[in-house]
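J.: Quick one, what's the 3D model for this:
(chains A, B, C and D)
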Number of protein chains: 2
Amino acid sequence: METKGSRSPAMTDVARLAGVSHQTVSRVLNDHPNVKEQTRLRVRAAIAELGYRPNRAARALVTGRSQLIGVVARNSMLYGPASMLTEFEQAAADAGFAVSVGSVRELDRDSISAVVDRHLDQRVAGLVVIAQVASATEALAEIPADVPVVFIDGDPAAGRSLVTVDQVAGARAAVRHLLEAGHETVWHVSGPTEWFDSAGRIQGWRQTLQEAGREVPPLLSADWSAAEGYRAGQMLARMPEVTAIFTANDHLALGVLRALHERGRRVPHDVSLVGFDDVPEASYFIPPLTTVRQAFGDVARAALTLLLGQMKAEPGAADTVIVPAQLVVRESVAPPS
Amino acid sequence: METKGSRSPAMTDVARLAGVSHQTVSRVLNDHPNVKEQTRLRVRAAIAELGYRPNRAARALVTGRSQLIGVVARNSMLYGPASMLTEFEQAAADAGFAVSVGSVRELDRDSISAVVDRHLDQRVAGLVVIAQVASATEALAEIPADVPVVFIDGDPAAGRSLVTVDQVAGARAAVRHLLEAGHETVWHVSGPTEWFDSAGRIQGWRQTLQEAGREVPPLLSADWSAAEGYRAGQMLARMPEVTAIFTANDHLALGVLRALHERGRRVPHDVSLVGFDDVPEASYFIPPLTTVRQAFGDVARAALTLLLGQMKAEPGAADTVIVPAQLVVRESVAPPS
DNA sequence: GTGGGAAATGTTATCGATAACAATGCTCGC
DNA sequence: GCGAGCATTGTTATCGATAACATTTCCCAC
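T.: All right, here's what the predicted structure looks like:
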């Protein structure tokens, strides 16, 4: 387009070409009502001819707000957060927004404040905080009240604008599936307990067992890694009474799978297993893993909708969207032998 | 900090408090040499007292360039690109830059141009293009020559500023490792052949076999998924002469692993297997996977360094950095039985 | 056909920084 | 003790958009 050696055209260039004032060009650009149709077309033509594109910096300066959405996320290669981010970026791009990521090593107050400040420097139009732990929610105190904010995965009870997957229901589906296969009870390898996601899954697991009048075995809590899944699996593999395991994500399941394999306990013949996430590889585990899928795309789109809503209307409007989770049945569950 | 209800302080506020002109404040901020030490301190104090932070939009407007680096990447949850992105964001943040991601469904010219244009709208200070296929490199024609650009994973022969992992050497190490274990030859399940990464790994595989005077078996090419790895694995599992397999990434290896398992061919007893990437779960595959690790952090930092270099000096300076890959030996390789 | 009011357009101020130039102040040599 | 020359600081213009207000145009009712 703008392969000319000179600088890119500004609004006044368009105005000159169209024979109007720059303000009229601005009005056309912003879809103001009081512009004659004929003028509008003339301006549009001039814009097209020059390949004009508005300078976002200038606009941001005068309006005090950019076409940029800041995302705060933990720096991690975890499947969930990473999926979330790409999905959100796609949705935002479709709505004409750019996304600036600010990742943070730990979700503590200070790190989050620093990233939020960086985003505010850029005069972001809104913020999305992927806040899987309570400390992240606390950091919201740092965010000025007039900046639209949406949380993903935060505390469902916080009364802030928030989108999250129905972890409890997902876990219930997983546990119910195992009970229905005939298992007496279900063991759970959870994620870090300070994560809301973990808490929800633990709660769903515990409730379902209790409602069915089953004994609730001790909780094994881990981080999200295959390594810790393996460690937990080594314990579980030694206990013959363990016939059904629900892990808080698929990578934990992978670790458990290997531990069971090493002790000669076969899945699903001896032990049934259900994961969470439905990572793309899950159907190629040995055996293919029954798991719970989270609709990250839906979460991302819902978050964007909430954010855009806040930009138009009052920021700070609390609105909670809970996206359902879905059990994906494969071959890692069977009746107890 | 700026919890006051009013707007955040501007440079003139700082100037007034420090008893200097706003220009002097600007000079302090930009580390200009000719400011008296005493004045500098006074201004610094005023900045701290007010919690002043420069308005990036205003700066971008007048300099024509923001403190924002645009990254163009394919929208995918592949381990490599995703790792790349987070690592780069970290490095950029440390250098005081924000990162705007622009992901794209396909790496064709049009999609890339669109994303690049969006970034140019934001007046990015530089661009990083994660360009795994040739079509991405072609799209560089759209990028004005005065914008610093660094490619990651692009065509090593393109003569553009580029950082990439030494795919050839990585593949050579993998194949050599298998040959040294005593295997007659090594089969290869590659990624999509139009990817530079794939091409490099194929080349390294082929070269190493040829140099050792071994027969080069037919290439099995796939996408990067466990699903296609499984399909390729089903074929390979049926062929008794296959004793060593090198897959172009770990997820392919996972699929192969399952296919071999299903046909009762044991790894590494009957078949040896080497992957590529070293995803965190790789040591929890059954058996733990020998693979090749790519130093994504190094790639990201090198890319940033190149980019900053271009910003200071001439953009367009061609400079190629090749980051080594490293074989990680685990348990999926053994001598042929 | 004329006055009123809305629709359409133009003018000027503004956002908050940097750049270019102007104007001080200081040091030092003779 | 005075002027050259550099170090330091201030003034004004500028980037490219939107906002607020001013002005012109148009249409219609009376």
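
J.: residues contacting residue A:149?
T.: A:126, A:127, A:128, A:129, A:140, A:143, A:160, A:161, A:307, A:310, A:315, A:316 (CB atoms under 8 Å, 6 or more residues apart in numbering or on different chains). For the C-beta atoms, the positions are set from N, CA and C on the backbone; glycine is no exception.

J.: Show the backbone phi and psi for it.
T.: When read as degrees, to the nearest 10, the backbone of residue A:149 gives phi -140, psi 140.

J.: of the contacts of residue A:149, buried ones?
T.: A:126, A:127, A:128, A:129, A:140, A:143, A:160, A:161, A:307, A:310, A:315 (16 or more other CB atoms under 10 Å in any protein chain shown).

J.: Which of those sits closest to residue A:75?
T.: Set against residue A:75, the nearest of those by CB to CB is residue A:129 (14.0 Å).

J.: For that closest one, which non-adjacent residue is closest in space?
T.: Using CB to CB, 6 or more residues apart in numbering or on different chains and skipping residues adjacent in sequence, the residue nearest residue A:129 is residue A:72, 4.6 Å away.

J.: Confirm that that neighbour sits in a strand.
T.: Yes - Residue A:72: assigned to a strand according to DSSP: H, G, I helix; E, B strand; the rest coil.

J.: contact partners of the least confident helix or strand in chain A by mean pLDDT?
T.: When the helices and strands of chain A are compared on mean pLDDT, DSSP states H and E, helix A:134-138 comes out lowest with a mean of 78. Helix A:134-138 has contacts (CB under 8 Å, 6+ apart) with A:72, A:107-109, A:112, A:129, A:131, A:151, A:154-155, A:158, A:160, A:194, A:196.

J.: Export it to PDB, keeping only CA atoms.
T.: C-alpha atoms of helix A:134-138 as PDB (Å, rounded to 0.1, in the frame of the first residue of the first chain):
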ATOM      1  CA  ALA A 134      -6.500 -15.300  44.900                       C
ATOM      2  CA  SER A 135      -3.400 -13.100  45.100                       C
ATOM      3  CA  ALA A 136      -4.200 -12.000  41.600                       C
ATOM      4  CA  THR A 137      -7.600 -10.900  42.500                       C
ATOM      5  CA  GLU A 138      -6.300  -8.800  45.300                       C
END
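
J.: Which positions in that helix come out as buried?
T.: A:135, A:136, A:137, A:138.

J.: Then stretch A:176-183?
T.: A:176, A:177, A:178, A:179, A:181, A:183.

J.: Can you give me the distance of the residue lying closest to the first one once chain neighbours are set aside to residue A:169?
T.: If I follow you right, that is residue A:176. Closest residue in space to residue A:176, ignoring its immediate chain neighbours: residue A:208 at 5.8 Å, by CB to CB, 6+ apart. From residue A:208 across to residue A:169, the span is 10 Å (CB to CB, to the nearest Å).

J.: okay, those two: which has more neighbours?
T.: residue A:208 (23 against 17; other CB atoms under 10 Å in any protein chain shown).

J.: Contacts only, for residue A:306.
T.: Counted by CB under 8 Å, 6+ apart, residue A:306 has contacts A:150, A:161, A:163, A:319, A:321.

J.: Geometric centre of chain A: which residue is closest?
T.: The centroid of chain A falls nearest to residue A:84 when counting by CA atoms, centre = their mean (3.5 Å).

J.: Give me the pLDDT for that one.
T.: The score at residue A:84 is 87. That number is its pLDDT.

J.: From residue A:169, how far off is the nearest residue to it once chain neighbours are set aside?
T.: Using CB to CB, 6+ apart and skipping the chain neighbours, the partner closest in space to residue A:84 is residue A:296 (5.3 Å). Distance, residue A:296 to residue A:169, by CB to CB: 16 Å.

J.: got it, and residue A:309?
T.: Per CB to CB, residue A:309 is found 25 Å from residue A:169.

J.: Could you do residue A:137 as well?
T.: To residue A:169, residue A:137 is 22 Å away according to CB to CB.

J.: Find out how far stretch A:78-86 is from the centre of the chain, if you would.
T.: Distance of stretch A:78-86 from the chain centroid (CA atoms, centre = their mean, to the nearest Å) equals 6 Å.

J.: let me fix that: stretch A:84-103
T.: That offset, for stretch A:84-103, works out to 11 Å (CA atoms, centre = their mean).

J.: Which secondary structure state is assigned to residue A:127?
T.: Here residue A:127 is recorded as strand under three-state DSSP.

J.: what pairs with it across the strands?
T.: Under the criterion DSSP bridges, residue A:127 forms beta bridges with residue A:70, residue A:149.

J.: That one and residue A:72 touch, don't they?
T.: Yes - using CB atoms under 8 Å, residue A:127 is in contact with residue A:72, at 6.6 Å.

J.: shared neighbours of the two, anything?
T.: Contacts common to residue A:127 and residue A:72, judged by CB under 8 Å, 6+ apart, are A:116, A:119.

J.: what's the helix or strand containing residue A:84 in contact with?
T.: Assigned by DSSP states H and E, residue A:84 belongs to helix A:79-94. Contacting residues not belonging to helix A:79-94 are listed as A:69, A:71, A:73-74, A:76, A:98-99, A:101, A:128, A:130, A:132, A:152, A:197, A:249-251, A:277, A:279, A:294, A:296-297, A:299-301, A:303-304, B:75-77, B:82, B:101-103, B:105, B:115, B:118 [CB under 8 Å, 6+ apart].

J.: Thanks a lot, catch you later.
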